[in-house]
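Peer 1: The following comprises the amino acid sequence and a computationally predicted model.
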Amino acid sequence: MKYIDNLPSMDLMRSEKMMFAQLIIPVESAHRAVSYLGELGLLQFRDLNDDKSPFQRTFVNQVKRCAEMSRKLRFFKDQIHKAGLMPSPHPLSQPDIELEELEIRLAEHERELIEMNGNSEKLQQTYNELLEFKMVLQKAGDFLVPGEIHSEETELDENVYTNNDYSDTVSLLEQEMQPGPSNQSVVKFISGIICKSKVLRFERMLFRATRGNMLFNQAPAGDRILDRASNEMVQKTVFVVFFSGEQARKKILKICEAFGANCYPIPEDTTKRRQITREVLSRLSELETTLDAGLHHRDAALTSIGFHLTKWMNMVRREKAIYDTLNMLNFDVTKKCLVGEGWCPVFAKTKIQEALQRATFDSNSQMGIIFHVMNSVESPPTYFRTNHFTNAYQEIVDAYGVAKYEEANPAVYTIVTFPFLFAVMFGDWGHGICLLLGALILIAREKRLGSQKLGSFMEMLFGGRYVLLMMSLFSIYCGLIYNEFFSVPFHIFGSSAEMLPAVLPIPFLFMFCLHGQRKNDNEEERGNNCIRKESRLRDLKRRISIDHVNQCGSPILYFNAFPFGFSTFELHYISDLCIFSSFCDARTVGLVKYRDTYPFGVDPSWRGSRSELPFLNSLKMKMSILFGVAQMNLGIILSYFNARYFSSSLDIKYQFVPQMIFLNSLFGYLSLLIIIKWCTGSQADLYHVMIYMFLSPFEGLGENKLFWGQSVLQVILLLLAVIAVPWMLFPKPFILKRLHTERFQGRAYGILGTSDMYNDEEPDSARHPHESHNEEFNFSEVFVHQMIHSIEFVLGAVSNTASYLRLWALSLAHSELSTVFYEKVLLLAWGYDNFIIRLVGLAVFAFATAFILLMMETLSAFLHALRLHWVEFQNKFYSGDGYKFRPFSFAALTDDDD
């Protein structure tokens, strides 16, 4: 234990030690001090004015000013984006300006921009009206036949224009708008322009309103025109409505107003129309020149603002954050100093004091800033120092819950276990290489992508780039173990078995020799080990079973499957020619090993054999149980280190010890049986062993016996598992009750002055004796909590172990799905002697690999690995009821803080 205590501490193993500090800052140096602390980013202020609203705080006016400047800067940013410009990411170097000067400059720029926008809108509106008037003159003139209408008043002189801003048009047009001397004509007309999508409804409404007493003519305007209502470029139609009577005129005008149609008067006389058209075209040319000049001037002003926009936004954002932080401080009784409190790491004490001294010197304050360490009853925040690599794993853990102060951090182990368990489910070194390439691309562009604003999906993917890197590396490793490259096995180390018939006549059995894999044996010694006696066949009973008799009357022998790497015997044959010529009448295919065990991973000869699926199922299922029991044991061991760190001997004696006994008495024993079965090649039924361990613990195991003394060991382990349950449940609540009684025994009859024994402490200091003096012990609540915890662990030991079988299930699903796409898509298409079919098959295979195997399967394996860590692993030791350390830091400010 002393050796463990002397080990150097790890940054990620436990959170940083924190201390609670009080700051007494003179008013003249408060702004500069908070600014320097924001640059340092190692002090989390506590709000001492949480009972006040934001409008009742001291620096509310400064916050309002900063908010108003932020609004102006956002206005500038929107105008720059609307103009199609981009603010400079690297602002020009210029001397720093004060906040008051910046406020004046922003107000001037805003006033100038608003004035330019207003003038531009008016000119644009006039230009659109003239453009529409030009089209009406061109199109509607074709509907007017000279000589048909003799009245001088051929235009409407009132309520025809929908916009009063048109009063500054040419002189001839103004003359046309004056009322005529008489009203002798019966037929009148109204001309205008309307959106093309409204023409049918507009015509139908006119027909109904006038009861058919009107003539409606229309013609497409041609070019798209800006619509006033929607501010979009739309197709419009020019119309002319001929009618009779004053009532019809009023109805038509109201309908035009309702449909958003713009009416324009045109003279009947062709000469006047031509003259007005020339004047309109001249005015349009002048407006185009004016609009272009105004646009260039506006773009120049926005470009000038864009060079400094980023710097100004950062400056205003920092100033607002400073005043928001100052609002969390209180004035002392003299109103000359601000008092603040907050948390900071112990290692940052010297840095904070240096920053405060620098703030005092730079502000020319005659009184220094006081930094005072205090005690606090509140639980300190949790702070882990992370880097680009470890930050993503820490975020995975924090998504479940932030670690309690100085609690063991699961992220240390998650760095290895999370990508490994993912790879167990995703094992394929071809798919792993694809993930590796994606991770390397993200890491290579780290600086470029880190400075850009990414979408939600890309931001999540970029943040987990190092997690993706580790997952891809472990996937390649597990893929080599499984010997799968896009589901295709590779004979990297040659072949160790032959595809031979699984049924062997007994006479040929004696051609084989059984020997141990000893390097010192020569050929003659190995030959002496050949089996030629019937009694020696009993040694083969676990491997060879007589099934039935073939047509020749000889027994047929089947070779059973063995896990790779655990067979200590191999079968050799004397003559290749003799054996292969003797297997001509065999009906099924199996495997016979003829050299040493495959050096690494699964033997590729299993692929396509009769026993491939049962062998891989057995291997992956048992491997999943071993990994699950190992990780759950790691979680319980971490609970021991937590209890030892917090000096909780009760948790060690009545939680850690019984949990280790219960878990390993059952599932640790199962893991031991799996390893022994692999090493010995036994055919024992482990399901039978575990079931009858509970149902008939005193009966013999028979053929399922794996080692001497197994029955006695099972009884002992079963008794220990039964004892461990009450061991977890009963002692701890009663011991806590006794300790509480002894601790407060006689407290009510203390000596005089006991109630004032803590009055000499500082008013702001909240020490533990204050609360412990009044705390109450609820035995029923403690007992129920312990009972829930014990039942949860006992039931969870079974369910969690079964939950790790998802490693087997997803690994099998991924492998079989890859095999289906390879054999039923790629190989099937490649079997045709047609280039198009092959190309289509290759495209379908690539699409399925990319979107199903590399995206959906990756997400599925990621979520399952996440669940195994959050539920099965972390619930053994991790409470996760802390809160994160959030210091005041300018680096943490974002655009949302504006």
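Peer 2: Here it is on my side, so go on.

Peer 1: pLDDT score for the spatially most central residue of the chain?
Peer 2: Per C-alpha atoms, centre = their mean, the C-alpha nearest to the average position across the chain is that of M460, at 4.3 Å. As predicted, M460 sits at a pLDDT of 90.

Peer 1: May I have the secondary structure class of it?
Peer 2: Here M460 is recorded as helix under DSSP: H, G, I helix; E, B strand; the rest coil.

Peer 1: helices and strands around the helix or strand hosting K122, which ones?
Peer 2: Using DSSP states H and E, K122 sits in helix 99-140. With contacts taken as 3 or more C-beta pairs under 8 Å, 6 or more residues apart in numbering; DSSP states H and E, helix 99-140 sits against helix 60-82, strand 187-195, strand 225-226, strand 236-244, helix 270-326. Yep, even glycine has a C-beta here, placed from its N, CA and C like the rest.

Peer 1: Compute the inter-axis angle for it and helix 60-82.
Peer 2: Helix 99-140 and helix 60-82 are oriented at 40 degrees to each other (axes from the mean of the first three to the mean of the last three C-alpha atoms, to 10 degrees).

Peer 1: picking up where we left off before, reformat the helices and strands packed on helix 99-140 into TSV and put distance to S379 and mean neighbour count next to each item.
Peer 2: TSV is the format used below for the helices and strands packed on helix 99-140 (distance: least, C-beta to C-beta, whole Å; neighbours: other C-beta atoms under 10 Å):
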stretch	distance to S379	mean neighbour count
helix 60-82	30	17
strand 187-195	66	22
strand 225-226	62	17
strand 236-244	69	22
helix 270-326	22	16
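
Peer 1: Nearest to D51 among these would be which one?
Peer 2: Nearest to D51, of all the helices and strands packed on helix 99-140, is helix 60-82, at 15.2 Å by C-beta to C-beta.

Peer 1: Tabulate the CA atom coordinates of the closest one in CSV.
Peer 2: Output of helix 60-82 as CSV, limited to C-alpha atoms (Å, rounded to 0.1, in the frame of the first residue of the first chain):
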residue,chain,number,x,y,z
VAL,A,60,-26.1,47.2,-15.6
ASN,A,61,-25.6,50.4,-17.6
GLN,A,62,-22.2,49.2,-19.0
VAL,A,63,-23.8,45.8,-19.9
LYS,A,64,-26.5,47.6,-21.8
ARG,A,65,-24.0,49.7,-23.7
CYS,A,66,-22.1,46.5,-24.7
ALA,A,67,-25.3,44.8,-25.7
GLU,A,68,-26.2,47.8,-27.9
MET,A,69,-22.8,47.8,-29.5
SER,A,70,-23.2,44.0,-30.1
ARG,A,71,-26.4,44.7,-31.9
LYS,A,72,-24.8,47.3,-34.1
LEU,A,73,-22.0,44.8,-34.9
ARG,A,74,-24.5,42.1,-35.8
PHE,A,75,-26.2,44.6,-38.0
PHE,A,76,-22.9,45.3,-39.8
LYS,A,77,-22.3,41.6,-40.2
ASP,A,78,-25.7,41.0,-41.7
GLN,A,79,-25.2,43.9,-44.1
ILE,A,80,-21.8,42.5,-45.2
HIS,A,81,-23.3,39.0,-45.9
LYS,A,82,-26.3,40.5,-47.8
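
Peer 1: Distance from the chain centre to that helix, please.
Peer 2: Using C-alpha atoms, centre = their mean, to the nearest Å, the mean C-alpha position of helix 60-82 is found 31 Å from that of the whole chain.

Peer 1: counting contacts, what elements does that helix pack onto?
Peer 2: Using 3+ C-beta pairs under 8 Å, 6+ apart: helix 60-82 touches helix 99-140, helix 270-326.

Peer 1: Flag the shaky bits of the stretch 451-600 of the chain, pLDDT-wise.
Peer 2: In the prediction, the stretch 451-600 of the chain carries residues with pLDDT under 70 at positions 495-595.

Peer 1: Going by mean pLDDT, which of the helices and strands packed on helix 99-140 comes out lowest?
Peer 2: strand 225-226 (a mean of 79).

Peer 1: other SSEs contacting that strand?
Peer 2: Strand 225-226 is packed against helix 99-140, strand 233-234, with contacts defined by 3+ C-beta pairs under 8 Å, 6+ apart.

Peer 1: In a markdown table: these, plus mean neighbour count and mean pLDDT.
Peer 2: Formatted as a markdown table, those follow (neighbours: other C-beta atoms under 10 Å; pLDDT from 0 to 100):
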| stretch | mean neighbour count | mean pLDDT |
| --- | --- | --- |
| helix 99-140 | 16 | 89 |
| strand 233-234 | 12 | 84 |
